[in-house]
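1. Any chance you could fold what I've pasted below:
(one chain, ligands or ions: 1)
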Amino acid sequence: MSTIAYFGPRGTFTEQAARSLATDQELVPADTIAAALAAVRAGTADAACVPVENSVEGPVNATLDGLATGMPLVAVAEALLPVHFSILTRPDITEPAEIRTVASHPHALAQVRQWLADTLPDAQTVAAASTAAAAVAVQRGECDAAVTAPVAAEHYPLRILATGVADVLDARTRFLLVRPPGPLPEPTGADRTSVLASTANRPGALAELLTELAFRGINLTRLDARPARGNFGEYRFFLDFEGHLAEQRVGDAVAALYRRCSSVRFLGSHPRADRVADTIAPAAANDDYSNAAAWVAAVQAGETA
Ligand SMILES: O=C(O)C(=O)C[C@]1(C(=O)O)C=C[C@@H](O)C=C1
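-> Got it, this is the predicted structure:
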């Protein structure tokens, strides 16, 4: 049986995402995002499930940085989960006023900042490795309360102080299933392609990359810059856009990025979890590219002009 390493321990949002993506794979928790990716690179897991993007707090940098270096990994599927939180406390805590410390993953704390300010104004926040790791810390008596996924209450014997907690209604987190490079999933007409592009540090370099997408009518769905970790002020760019590498406008655009960039890492083409169909601009469909290429070939062969 193949295995999926997920950002755990048990009871994280990522575990839920992994369950929604797993067919008959065994799920194995990893303590950190880096450890889940390392398990795939070491061959002890076949794939890893990690969070990549939250609609309130933005990119999950540990995932972006983990995909940027080391053995290349490619996303083959994604999951989108609604995110609202439960507040779990030690069973001996009966009043909110008794809560002095609240632990969670920094992304989770950021999504309930207002709720905490309103409801537990005197409590100190404590960063935990994940929402479920925060529940473990409460269980061990290291903290008074944890901001967790609702499912954590099934795994940890804690008291539920509140449910449905979220500063922003309809918040969602997107998760990736990544594995070593191999055959890509088939195009579906509602796909996402991801690349990491490093450019020369000169005027207009990023604008040129974006123009390559814009010319082909390709809709960008995410752009994140992360420090290149070399010279101060140099960045690498994570680009997500609509479409599949097997489609001609996308293959053409990715080839143009490859020509223009000092390095490009392909991070995957896979179906979108929200099933939003790709925007295809006029003259950018596969047939348009094929017809144009056939005409150029005929001109080159002296058959037409
Ligand atoms: O700690 C968890 O439960 C996670 O799966 C991580 C994570 C994240 O990194 O954004 C996932 C979803 C929520 O947005 C909060 C935390």
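2. Any residues of this structure in contact with the ligand? List them.
-> Counting by C-beta under 6 Å from any ligand atom, the residues of the chain lying close to the ligand are 7, 12-14, 51, 54, 60, 83, 105, 107-108, 130-132, 149, 173. Using the backbone N, CA and C atoms, a C-beta is placed for each residue, glycine as well.
3. again, only using 8 Å
-> 7, 11-15, 17, 33, 51, 54, 56-57, 60, 62-63, 81, 83, 85, 104-105, 107-108, 111, 129-134, 148-149, 152, 171, 173, 175 (C-beta under 8 Å from any ligand atom).
4. same for the lengthiest helix in the chain, what does it pack against?
-> Using DSSP state H to define each element, the chain has its longest helix at helix 286-300. Identification of packing neighbours for helix 286-300 by 3 or more C-beta pairs under 8 Å, 6 or more residues apart in numbering; DSSP states H and E yields helix 248-260.
5. And for the helix it packs on, what's in contact with it?
-> 193, 195, 197, 199, 205, 208-209, 212-213, 215-218, 239, 241, 243-245, 264, 266, 269, 280, 284-286, 289-290 (C-beta atoms under 8 Å, 6 or more residues apart in numbering).
6. which residues touch the most centrally placed residue in the chain?
-> Closest to where the C-alpha atoms of the chain average out (C-alpha atoms, centre = their mean) is Val52, at 1.7 Å. For Val52, the contact set (C-beta under 8 Å, 6+ apart) comprises 59-60, 63-64, 78, 174-176.
7. Could you rerun that using 7 Å?
-> 60, 63, 174-176 (C-beta atoms under 7 Å, 6 or more residues apart in numbering).
8. what mean pLDDT does the helix or strand hosting it have?
-> Assigned by DSSP states H and E, Val52 belongs to strand 47-54. Strand 47-54 shows a mean pLDDT of 98.
9. repeat for stretch 278-289
-> 95.
10. Stretch 122-139 too?
-> In this model, stretch 122-139 has a mean pLDDT of 98.
11. how about that stretch: buried residues?
-> Neighbour-count burial for stretch 122-139 flags 123, 125-126, 128-139 (criterion: 16 or more other C-beta atoms under 10 Å).
12. Hmm, Glu247 and Asn286 touching each other?
-> Yes - between Asn286 and Glu247 there is a contact at 5.9 Å, judged by C-beta atoms under 7 Å.
13. Just want to know which of the two has more residues nearby.
-> With neighbours defined as other C-beta atoms under 10 Å, Asn286 and Glu247 compare such that Glu247 has more, 24 against 15.
14. Which strand or helix spans the nearest residue to Leu80 once chain neighbours are set aside?
-> Computed as C-beta to C-beta, 6 or more residues apart in numbering, the closest residue to Leu80 that is not its neighbour in sequence is Ala273, at 4.0 Å. If you go by DSSP H and E, Ala273 is not part of any helix or strand.
15. Next, the contact list for Ala273, please.
-> 78-80, 174.
16. filter these to the buried ones?
-> With burial judged by 16+ other C-beta under 10 Å, the buried subset of the contacts of Ala273 is 78-80, 174.
17. Which of those fall in strands?
-> Applying DSSP state E to the buried ones among the contacts of Ala273, the entries found in strands are 78-80, 174.
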